[in-house]
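**Student:** got a predicted structure plus its sequence, pasted below:
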Amino acid sequence: MDQEISGVLLKIYERLLEKYGPQRWWPAEERFEVIVGAILTQSAAWTNVEKALNNLKAAGKLSPGGLRSLSEAELAALVRPSGYYNVKARKLRAFARWFGREYDDNLDRLFDNDVQPLRRQLLAVYGIGEETADSIILYAGNKPVFVIDAYTRRIVDRLGLTPPDRSYAGYQRLFTSDLPPDAKLFNEYHALLVRHGKETCRKRPRCESCSLAPSCPCANA
DNA sequence: GGCCAGGACACCA
DNA sequence: TGGTGTCATGGC
């Protein structure tokens, strides 16, 4: 992470890190818990996800076998606080079944895959889209893929860096082509973008720029 | 009381 | 291929 990079995105990262400090997303969690959290956090506030994770822990079901041992209705009741609980129960069961069938619940084997094959396999599992797949690969697998979420898109747009096709891959390329492929850097950077999005842009829906841009109206936010 | 969170999928034209 | 509807709790 200490390589010399001239890109504007690294400079933005440095400014964010200076402003907010390390966010430490999923710093010392179990990898399987990170995967479950990545699915539960889809369109949900993290505080609600924590409640759902705590329910699963308290029930002793926060494991692949534990998830498989529950009916969809039982699982839905445990993850209820995270919202969309019926769909999320189906997604968790789909992942747990696939993981048992294909990898015998072995996380080392799962993450022994290279990034692209791993990504393709995850995307084929029901309930895992691009952002969730990348979150799993980065935050549980510790591999350098850049996670693009709604905050990231919003901030990139406000910086005037929107990729022509506005695709997930387009936004992702923006970061990966300008930064060294460092999982720790990608981890912290994404978390910082979310933090910044929460602290500034969301409170200023009409702000067309961003405090990261020199001419931003919320520069002192 | 309304808005929105660390999205994905089904359906339709 | 792109746009829209659906899924839903909890904090502010």
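**Tutor:** Everything's here; your move.

**Student:** closest point of chain A to DNA strand B, which residue?
**Tutor:** Sorted by distance to DNA strand B under Cβ to the nearest atom of the strand, the residues of chain A start with A:Gly129, at 2.4 Å. Every residue, glycine included, has its C-beta placed from N, CA and C.

**Student:** neighbours of the nearest residue to A:Thr132 once chain neighbours are set aside, how many?
**Tutor:** Nearest residue to A:Thr132, sequence neighbours excluded (Cβ to Cβ, 6 or more residues apart in numbering): A:Ala38, at 5.2 Å. When neighbours are counted by other Cβ atoms under 10 Å, A:Ala38 registers 25.

**Student:** excluding chain neighbours, give the residue nearest to the residue positioned nearest the centre of chain A in space.
**Tutor:** Centroid check for chain A by Cα atoms, centre = their mean gives A:Ser135 as the closest residue, at 3.6 Å. Distance criterion Cβ to Cβ, 6+ apart; nearest residue to A:Ser135, sequence neighbours excluded, is A:Ala38 at 4.2 Å.

**Student:** surely that neighbour meets A:Tyr139?
**Tutor:** Yes: here A:Ala38 reaches A:Tyr139: they are 6.7 Å apart, a contact under Cβ atoms under 8 Å.

**Student:** shared neighbours, these two?
**Tutor:** Residues touching both A:Ala38 and A:Tyr139 (Cβ atoms under 8 Å, 6 or more residues apart in numbering): there are none.

**Student:** now do the helices in chain A.
**Tutor:** Under the criterion DSSP state H, helices of chain A are mapped to A:8-20, A:31-40, A:46-58, A:64-69, A:72-79, A:85-103, A:107-110, A:115-123, A:130-135, A:150-158, A:168-176, A:183-199.

**Student:** pipe those helices into JSON lines and attach distance to DNA strand C per row.
**Tutor:** Converted to JSON lines, the helices of chain A look like this (distance: least, Cβ to the nearest atom of the strand, whole Å):
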{"stretch": "helix A:8-20", "distance to DNA strand C": "18"}
{"stretch": "helix A:31-40", "distance to DNA strand C": "11"}
{"stretch": "helix A:46-58", "distance to DNA strand C": "5"}
{"stretch": "helix A:64-69", "distance to DNA strand C": "16"}
{"stretch": "helix A:72-79", "distance to DNA strand C": "7"}
{"stretch": "helix A:85-103", "distance to DNA strand C": "3"}
{"stretch": "helix A:107-110", "distance to DNA strand C": "26"}
{"stretch": "helix A:115-123", "distance to DNA strand C": "16"}
{"stretch": "helix A:130-135", "distance to DNA strand C": "13"}
{"stretch": "helix A:150-158", "distance to DNA strand C": "13"}
{"stretch": "helix A:168-176", "distance to DNA strand C": "11"}
{"stretch": "helix A:183-199", "distance to DNA strand C": "11"}
